[in-house]
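Student: sequence plus the predicted model coming up.
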Amino acid sequence: MALAYAVVARLALLMAVPPAYASPMFPAAGMALVFVLVYGQRAALAVVAGALIVNVLMNPLRGAGFAEAAIALGAGVQALTAAALVRRQVAQPLTLSAPLDIARFYVFGAAVGCLVNASIATAALGLSGVVPTHALPMTWLTWWMGDALGTLIGAPLLLTLIGRPREAWAPRRRTVGATLAIVTTLLVATTMQVARWDEERVQISFARDAEAASTALASQLNTPLHALEAMRGLFVGSADVSAAELHMAADHWLGPSSNLQAVGHLERVQLADVPAFEARMRTQGWADYRVMDRTASNERVPTRSAEVFAARLVEPMTRNQLLLGVNALSIPASRAAIEAAVRSDQPVATAAFQLSQDPVDTPRRGVVVYRALYHGNPGTEAERVAAARGVVFVTVRVEDLLREVLAHAPAHLNFCVTDTDTSAAVRQLAVSALCADESNRLTHRRMLDFAGRQWELQVTSSVASADTSAGERHYAWLFSSVGLLTTAVLGALLLTVTGRARLIEMAVQERTVALEQQVRERLEAVRAREAAEASNRAKSDFLSRMSHELRTPLNAMLGFAQLLELESREPLAPTQRGWVGQIRQAGWHLLEMINDVLDLSRIESGNLRMALETLNMPELLASTRPLVQQAADRRGITFEEHLSADASHARGDATRVKQILTNLLSNAVKYNVDGGHIRVSSQVRGDRVELMVADTGLGMNTQQMTALFQPFNRLGQEHSSTEGTGIGLVISQRLAELMGGDLSAASDVGQGSLFILSLPLASPEEAAAQTPASAAGISDYHHRRVHYIEDNETNVEVMRGMLAQRPQVDLRVSGNGLDGLTAIRARRPDVLLLDMHLPDISGLELLRHLKLDPETRGIPVIVVSADALPTQIAEAMQAGAHRYLTKPVSVGELLEVLDELLTVMDTRFDDLTTASGA
């Protein structure tokens, strides 16, 4: 991690902007943040190590150890701070899928987090002197923007490579990572080219400014020479120039804008003539005038030279009075220049030295330019040396000349004027503040020839200063900043798009999984339903077969038993009649159990149908009580009824309510004590009719009450002599619920039991609209035809016996469906009795044929079958059956149905004729 950080940081520094060398994009800051987010806080140590590598070994600003260490430490602190902000403000795990999370990552991870090292690094660079004070704001801004933009671009790019969870970031390598890498690379290349163009513009601008400044300085150097020639002309024209004359002549050159330190005259005097010269000067107003030599420490001592060049006149006097009387030959730099000027008859400048008129402790140095004065016009060097009578001079300070140039030069330029003579005691003649430091500067050099001396003018400028002054280098900075910001926005857009796509994909996957789960559940439900339906069908088929197989022999048993009881020609003996009664009672009990099992099956499968109507509860109770009266009489159990007139009408299915009442009264008899009592009462409670059946039996405990309505649970009576299956109450309760009512119970041991049947109360309008039950029809009709299609001879015999109760009925029988169809068409019956199970064709199919045939369509069909399932009954009724009687058939019910149909039919006289003829 440290090496990767260092390499990326070094590449970023190729775009660095001096003087701080902060890159406008620093992806290493984004790498540092991702390292800490992915690998934890220990990764910050690798960031610090990588920053030290790049700052110590690769950084162009070498030598600033404090700054380098501070910058490296700041990089680690920044990574930790930004990571903490991201963990706190952005949803975790970090997937950057939602726009709000992306915005928070950009704000806290980049904009806020990158304030840390920008502040630390700028402060360190300022304290260490690497960056000048005026450049610190721009350095801070560049550093912050570089780290922030580097984080905005580098962090998402690196997250696509090492981000976690991998399933959120790996798919983004192409869409986000590759796109950002390509766009950033192109942008960096373009930015570097723009930076090179800016660098060239800065170089050209600097060269132009430096050349102009050096030319101005060269022009300034001519001013002392012009003044020197003017002074020489004054002294050539007059052998004895007075102080006043010099003052007037020098006034033009020493004005307020002048950069000249002094102008004056040195007179050549032999040692022997010095006293006379001093006396003459005193007479001219210089009372303290003496010729003195100057020591190296700028002290005055009596002269011992064979000849002197003594300062006689100088202007301006106020600042140069200390120069009067000084023997210039006692100053090594002046002596060499004077001798050269005398020999060459040309202006000759001295090397820089401390001027005699300056205080001893001043650091300033000056240059004096001399021009020789002669007696006559000597031609040779020897003649000039012999004829020399003195020199005129001009004193200048090069920094004063340079200051004049600086006043008009661009502020970013720095100047340094150096004497090329290596033997000169002072070589640096004038410098500006930053001239001595040449690192990372733009430099321009020019040689200046000044009065026989060679000076080098060096003009420099820092790149940052040139940028600030010229305003040109900012093009690259602005271009890179805008371009990188655009790239960061592109990254945010890519993150948003891919994040939204991922969220949609996750939602689709979740929905797909949910749909698959729903499909599986539905398939399982379908399979379970199909299995349940198959089970129900199998159970229904079994129950149908069982019912059919049981009802067929029951039909014979109960049918013949009923016929024996009805036999009047040879009546049974009382004992035999009792036995037949027992047979009939056992048969009906067996049928009741079969019906209970079928009812329970229908209820559980949801196939039990109700025909809700307004019921007359007293009439239903009156029709039910005889069914149990005989059993109650045998045990001496009495009935008591207390029926409320308000509770006389309820809503329900008459057959099912009668079934419930029969079960309740039967249980009250079976589980009562001998000589017990049964109380039946009714009342209205709210919108309900409550019918209560109370007995004086043994009662039930709490455990028995809990299991009371469980199927096949006889509450411990399994081994008693009391008959029962344990499903009667279960069926009764569920039937009551299907009719919108309820069946509940209350009991105490030894106190008997109370059962409450609750049914919806019929409205007064419904009760008033109830049609009274019609009286049973009377068999007051003559000859009628009935045809019976049945393959079971036993059932045929039972039917013959039952219809023998109606002698006027002519019964014909067919053993299969096709024979029956032929017989019906040959001799149309008044009523057709039809079995459903025939050997050649099903009874249902035969029924459809009859109803489709116009000739037989009007024949009423009564189905007499052992099939007792509601679906089977419904199919037959839909096919056109008039009634459906299930086996075993009650004689009374059969005769009632036949009487109802045959009574309304006309008598067939042809049958009567045939019968009488016979």
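Tutor: Nice, thanks for sending it over. Given the structure is predicted, the values throughout are model-derived calculations rather than measurements.
Student: G233: what's it in contact with?
Tutor: If a contact means Cβ atoms under 8 Å, 6 or more residues apart in numbering, then G233 has no contacts. For the C-beta atoms, the positions are set from N, CA and C on the backbone; glycine is no exception.
Student: quick check: it vs Y5, distance?
Tutor: Counting by Cβ to Cβ, to the nearest Å, the gap from G233 to Y5 is 74 Å.
Student: again with R848
Tutor: 92 Å.
Student: okay, these two: which has more neighbours?
Tutor: The residue with more neighbours, out of R848 and Y5, is Y5; 26 against 14, by other Cβ atoms under 10 Å.
Student: tell me if the more buried one really is in a helix.
Tutor: Yes. Remark: Y5 belongs to a helix, assigned using DSSP: H, G, I helix; E, B strand; the rest coil.
Student: and the pLDDT for it?
Tutor: You'll see Y5 listed with a pLDDT of 85.
Student: now for the residue positioned nearest the centre of the chain: which residues touch it?
Tutor: Nearest residue to the geometric centre of the chain (Cα atoms, centre = their mean): A98, 3.9 Å. Under the criterion of Cβ under 8 Å, 6+ apart, the contact list for A98 reads 91, 499, 503.
Student: burial of the last one, as a residue count?
Tutor: Counted by other Cβ under 10 Å, the residues lying close to L503 total 13.
Student: check which helix or strand covers it.
Tutor: helix 474-566 (DSSP states H and E).
Student: quick check: which helices or strands does that helix pack against?
Tutor: With contacts defined as 3 or more Cβ pairs under 8 Å, 6 or more residues apart in numbering; DSSP states H and E, helix 474-566 has these neighbours: helix 99-104, helix 136-162, helix 172, helix 179-237, helix 574-605, helix 793-803, helix 891-903.
Student: and those helices, which one's lowest on average pLDDT?
Tutor: helix 574-605 - the lowest mean pLDDT of those, at a mean of 69.
Student: and the next helix or strand past it?
Tutor: Heading C-terminal from helix 574-605, the first helix or strand you meet, by DSSP H and E, is strand 613-616.
Student: strand partners (parallel or antiparallel) of that following strand?
Tutor: Counting by DSSP bridges, the strands paired with strand 613-616 are strand 649-652 (antiparallel).
Student: any idea how far the partner strand is from the chain center?
Tutor: 61 Å (Cα atoms, centre = their mean, to the nearest Å).
Student: likewise stretch 164-179?
Tutor: Its chain's average C-alpha position is 16 Å from that of stretch 164-179, according to Cα atoms, centre = their mean.
Student: what's the answer for stretch 400-412, then?
Tutor: Taking Cα atoms, centre = their mean, one finds stretch 400-412 lying 63 Å from the centre of the chain it belongs to.
Student: likewise for stretch 88-100?
Tutor: Mean C-alpha position of stretch 88-100 versus that of the full chain (Cα atoms, centre = their mean) differs by 7 Å.
Student: what about it, how long is it end to end?
Tutor: 14 Å (Cα to Cα, to the nearest Å).
Student: return the most buried member of the helices and strands packed on helix 474-566.
Tutor: Comparing the helices and strands packed on helix 474-566 by mean neighbour count (mean count of other Cβ atoms under 10 Å), helix 172 ranks first with a mean of 27.
Student: helices or strands up against it?
Tutor: Under the contact criterion of 3+ Cβ pairs under 8 Å, 6+ apart, the helices and strands touching helix 172 comprise helix 474-566.
Student: now do the helix it packs on against helix 891-903, angle only.
Tutor: On the basis of axes from the mean of the first three to the mean of the last three Cα atoms, to 10 degrees, helix 474-566 is oriented at 90 degrees to helix 891-903.
Student: quick check: mean pLDDT of helix 474-566?
Tutor: When pLDDT is averaged over helix 474-566, the result is 76.
Student: how far off centre is that helix?
Tutor: Between the centre of helix 474-566 and the centre of its chain there are 28 Å (Cα atoms, centre = their mean).
Student: check stretch 881-894 too.
Tutor: Centroid displacement of stretch 881-894 relative to its chain, using Cα atoms, centre = their mean, is 73 Å.
Student: check which residues of that stretch are buried.
Tutor: Buried residues in stretch 881-894, counted by 16 or more other Cβ atoms under 10 Å: 881-891, 894.
Student: so which of these belong to helices?
Tutor: Using DSSP state H, the subset of the buried residues of stretch 881-894 located in helices is 891, 894.
Student: CSV please, covering the buried residues of stretch 881-894 and showing distance to Q733.
Tutor: Written out in CSV, the entries for the buried residues of stretch 881-894 read as follows (distance: Cβ to Cβ, whole Å):
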residue, distance to Q733
A881, 32
H882, 34
R883, 30
Y884, 27
L885, 28
T886, 24
K887, 28
P888, 27
V889, 30
S890, 27
V891, 33
L894, 32
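Student: A387: neighbouring residues, count only.
Tutor: Other residues within reach of A387, judged by other Cβ under 10 Å, total 18.
Student: same thing with F26?
Tutor: The criterion is other Cβ under 10 Å. On that basis, F26 has 31 neighbouring residues.
Student: show me the contact partners of stretch 33-41.
Tutor: Outside of stretch 33-41, the residues that reach it under the criterion Cβ under 8 Å, 6+ apart are 1, 5, 43-44, 46-47, 79-80, 82-83, 86-87, 94, 109, 113, 151, 154-155, 158-159, 162-164.
Student: buried residues in the host helix or strand of A333, which are they?
Tutor: In this assignment (DSSP H and E), A333 forms part of helix 332-344. Under the neighbour-count criterion of 16+ other Cβ under 10 Å, helix 332-344 has 333-335, 337-343 buried.
Student: repeat for stretch 733-750
Tutor: Neighbour counts over stretch 733-750 (16+ other Cβ under 10 Å) mark 733-736, 738-739, 741, 743, 745, 747 as buried.
Student: which of those residues lies closest to T179?
Tutor: Here the nearest of these to T179, counting by Cβ to Cβ, is L738; it sits at 68.9 Å.
Student: go ahead and confirm the closest one touches L612.
Tutor: No. Distance between L738 and L612: 9.6 Å, which falls outside the contact criterion (Cβ atoms under 8 Å).
Student: one step back: can I get the contacts of A98 in JSON lines with distance to A72?
Tutor: Compiled in JSON lines, the contacts of A98 are given as follows (distance: Cβ to Cβ, whole Å):
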{"residue": "A91", "distance to A72": "32"}
{"residue": "G499", "distance to A72": "34"}
{"residue": "L503", "distance to A72": "39"}
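Student: out of the buried residues of stretch 733-750, who's nearest V56?
Tutor: Proximity to V56 was ranked across those by Cβ to Cβ; first place goes to R734, at 91.5 Å.
Student: which strands and helices sit next to whatever helix or strand that closest one lives in?
Tutor: Mapping R734 onto the secondary structure by DSSP H and E places it in helix 728-738. Packing partners of helix 728-738 (3+ Cβ pairs under 8 Å, 6+ apart): helix 574-605, helix 654-670, strand 742-747, strand 753-760.
Student: run the chain-centre distance for that helix.
Tutor: What separates the centre of helix 728-738 from the centre of its chain is 56 Å, taken as Cα atoms, centre = their mean.
Student: just the buried positions in the helix or strand R312 falls within, please.
Tutor: Here R312 is covered by strand 307-315, with elements defined by DSSP H and E. Residues of strand 307-315 classed as buried: 307-315 (neighbour count, 16+ other Cβ under 10 Å).
Student: okay, those residues in a markdown table with distance to I727 and pLDDT next?
Tutor: Supplementary listing: the buried residues of strand 307-315 in a markdown table, determined by distance: Cβ to Cβ, whole Å; pLDDT from 0 to 100:
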| residue | distance to I727 | pLDDT |
| --- | --- | --- |
| E307 | 158 | 92 |
| V308 | 155 | 93 |
| F309 | 152 | 94 |
| A310 | 154 | 92 |
| A311 | 149 | 92 |
| R312 | 154 | 92 |
| L313 | 152 | 92 |
| V314 | 147 | 92 |
| E315 | 146 | 90 |
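Student: alright, calling it a day.
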